[in-house]
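Chemist: Next one to model:
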Amino acid sequence: MLNNPRLLFCALSLLFLFSCSTENKKLNILIDAHYGKAVKLIFDGKDTLKIARDTSLLYSTTEGVHKVSVNDSSAKEFTVSDKGGLLNLNNREFVAYEIRYVSQDNSRANFADFNDFVLKSTILIDSFVVVPNGLLSKADSSIRKILPKLRESGTYYSGGATGFEDAFHGLKKFGKDKLFVDKFWDYDLFDEIPQTISVQTSKYAVGNTSATRSSILPVNTFLIYAFLNKDEFTVKSVKSIMEGTEDKAKQKELEDKQMKF
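Modeler: Here you go, the predicted structure:
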């Protein structure tokens, strides 16, 4: 109990200031409004935004429960956490992907990072399977085994876990049937991805040091990105995987080499 009136007044004042600072904290959320036409958004029945067709933009709001209506339709409710996030108004799918940074020690330049040996995650986009490159990521037979789970949730992790709520590791499809997604990535759609980053490492660390950051892209844009970045991702059609086209080609190549001996 605070018996001193001055102490009580100070405590109440600090509590009031803290509550005000919490309530007024502004957060940026990413609004995705790809409707094919201009739309009018009304937030909490008072703030109006007129948005051009097929537009994504940042909007400043506060933590807590909010409502949004599109072109005077019924308002939809969403909750903004202290992380910010994505307001996915027309139910588009996105892909979160890891960006790997490596500080290379020349004395061990050819030493592979342990993560290179792990099939970390796989996603299905339309009729294409995308995996981060690694020693186990290119076998048709391996991917065929996980296709049922891929078709079920869109994302597969090497540990067998699937679905949106699992920890993000490598690649993740998200956004379908979710009006608001809490931010779990580092760089938004508009952010320029840095070529280098600074991280703290132990003074006893030797060899390659790696760190990851993450960004997001609309699912179809990411598929193009993966096709163009063959050093980072392997993209295969479901048809070729089911037919074992690549496995057969490798087997024939091996047999041809054996015949030469």
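Chemist: quick one: low-confidence parts of the stretch 1-150 of the chain?
Modeler: For the stretch 1-150 of the chain, applying pLDDT under 70 flags the ranges 1-24, 104-120, 134-138.
Chemist: try 50
Modeler: Within the stretch 1-150 of the chain, the segments meeting pLDDT under 50 span 1-2, 8-22, 106-119, 135-136.
Chemist: Now do the strands in it.
Modeler: 26-33, 39-43, 47-51, 55-62, 64-70, 76-80, 85-88, 94-103, 121-125, 128-132 (DSSP state E, counting those that start in this stretch).
Chemist: out of the ones you listed, which comes closest to L179?
Modeler: Closest approach to L179 among the strands of the stretch 1-150 of the chain is made by strand 76-80 (5.1 Å; Cβ to Cβ). Heads up, the C-betas are built off the backbone N, CA and C, glycines and all.
Chemist: what's the neighbour count on T62?
Modeler: 13 (other Cβ atoms under 10 Å).
Chemist: That one pairs with what?
Modeler: In this entry, T62 is beta-bridged to K26, by DSSP bridges.
Chemist: And D182, how far from D191?
Modeler: For D182, the distance to D191 equals 17 Å [Cβ to Cβ, to the nearest Å].
Chemist: nope, E243 is what I was after
Modeler: Distance, E243 to D191, by Cβ to Cβ: 40 Å.
Chemist: same deal with V68?
Modeler: Applying Cβ to Cβ, the value for V68 to D191 is 23 Å.
Chemist: These two - which one has more neighbours?
Modeler: Using other Cβ under 10 Å as the criterion, V68 and D191 rank with V68 on top: 23 against 11.
Chemist: Look at D44 and say how many residues are nearby.
Modeler: D44 has 13 nearby residues by other Cβ under 10 Å.
Chemist: Likewise for the one 3 residues further on?
Modeler: Summarising burial for D47: neighbours were counted as other Cβ under 10 Å, giving 12.
Chemist: Likewise for Q195?
Modeler: Neighbour count of Q195, defined by other Cβ under 10 Å: 6.
Chemist: Check it and give its pLDDT.
Modeler: Q195 is assigned a pLDDT of 86 by the prediction.
Chemist: Quick check: the gap between it and E98.
Modeler: For Q195, the distance to E98 equals 16 Å [Cβ to Cβ].
Chemist: cool, and D182?
Modeler: According to Cβ to Cβ, D182 and E98 sit 18 Å apart.
Chemist: the more surrounded of the two?
Modeler: Between D182 and E98, E98 has the larger neighbour count (other Cβ under 10 Å), namely 20 against 13.
Chemist: Quick check: bridge partners of the more buried one?
Modeler: Under DSSP bridges, the beta-bridge partners of E98 are S214.
Chemist: circling back to that earlier point, now the strands of the stretch 1-150 of the chain as TSV including distance to T212?
Modeler: Output for these, formatted as TSV (distance: least, Cβ to Cβ, whole Å):
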stretch	distance to T212
strand 26-33	21
strand 39-43	34
strand 47-51	33
strand 55-62	24
strand 64-70	31
strand 76-80	26
strand 85-88	20
strand 94-103	5
strand 121-125	12
strand 128-132	11
